[in-house]
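**Student:** just to be clear, the model below is a prediction. Sequence and coordinates:
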Amino acid sequence: MRNNILLTYVIMDLLFVGTGVLLLVFSLSTESRIRATPTLTNVTTNLLLDVCPLKAGVANAIFVFVSFVISLPGILSSTTRGWLKFHGYTVVISGLFTMVIGLVIWFETLKTRNNLFNIWNLQPAASQSLIQESLVCCGYFNSTAPPFVVDSVCPTAAVAATQIGCVTPFTSLANAFLDTIFTAAFGIVGVDVAVILAIAMLLKDRKEKERYRHIDEKNGANGF
């Protein structure tokens, strides 16, 4: 007879380990991407990705895999509850870890303007030029504050003065980009909550079956 509660738990557990894979792939691929030579197409996104806590993402992914391994005895045994409880605690820790990562990224969006100015100042002239060409702007606040970098978009001071500063398009891009990332982090937390609910249902189901089994044993039956 198929146990729908166990099946639900298994499905949610697979989704849970899938979030770990997603975190690991995103973190490692992003670290590799950031180390690549800046180009017109990747300079802005790479600078934004560099503010994400990627090492924390890798650590969280590893913890998810460990938690999934802990869940296997609970899946393979039809009566055990100890491993399920242990798994539940690890899922709670993983969910809190992911939530902290999401909150850190969200907090960064609250001070985007200042953060991007600091990022701009740290970039060499070549990268600043790529940002200008990518966003079609000159300078950060405007063409003179700080001074623009001469390139195809800003070839002269007169032309640069007609262009907007990079702060507006850069901030809009950063907010939209980081919003997507921290929303995905909170979505992963939602999966963690669903796993915890599945664990609670399976624990209740097994507790009920154990109680009926004890009743049957007292009545001289073989249980079920």
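**Tutor:** Everything's here; your move.

**Student:** which residues does the most centrally placed residue in the chain contact?
**Tutor:** With distances taken as Cα atoms, centre = their mean, the residue of the chain nearest its centroid is residue 185 (3.7 Å). Taking Cβ atoms under 8 Å, 6 or more residues apart in numbering, we find residue 185 in contact with 98-99, 101-102, 105. Every C-beta, even on glycine, is put in place using the N, C-alpha and C of the backbone.

**Student:** at 6 Å instead, please
**Tutor:** By Cβ atoms under 6 Å, 6 or more residues apart in numbering, the contact set of residue 185 is 98, 101-102.

**Student:** what does residue 198 give?
**Tutor:** 8-9, 12.

**Student:** looking at the residues you listed, state which has the most neighbours.
**Tutor:** residue 9 (25 neighbours; other Cβ atoms under 10 Å).

**Student:** helix, strand, or coil at the nearest residue to that one once chain neighbours are set aside?
**Tutor:** Nearest in space to residue 9, with sequence neighbours left out and distances taken as Cβ to Cβ, 6 or more residues apart in numbering, is residue 198 at 4.3 Å. Here residue 198 is recorded as helix under DSSP: H, G, I helix; E, B strand; the rest coil.

**Student:** residue 198 and residue 7: what is the separation?
**Tutor:** Distance of residue 198 to residue 7, computed by Cβ to Cβ, to the nearest Å: 10 Å.

**Student:** residue 106 too?
**Tutor:** Taken as Cβ to Cβ, the span from residue 106 to residue 7 is 35 Å.

**Student:** those two - which one has more neighbours?
**Tutor:** Ranked by neighbour count (other Cβ under 10 Å), residue 106 and residue 7 place residue 106 first, with 16 against 11.

**Student:** buried residues in the helix or strand hosting that one?
**Tutor:** If you go by DSSP states H and E, residue 106 is part of helix 82-110. Neighbour counts over helix 82-110 (16 or more other Cβ atoms under 10 Å) mark 83-84, 87-88, 90-92, 94-95, 97-99, 101-102, 105-106, 108-109 as buried.

**Student:** repeat that for stretch 152-165.
**Tutor:** For stretch 152-165, by 16+ other Cβ under 10 Å, it's 153-154, 160, 163, 165.
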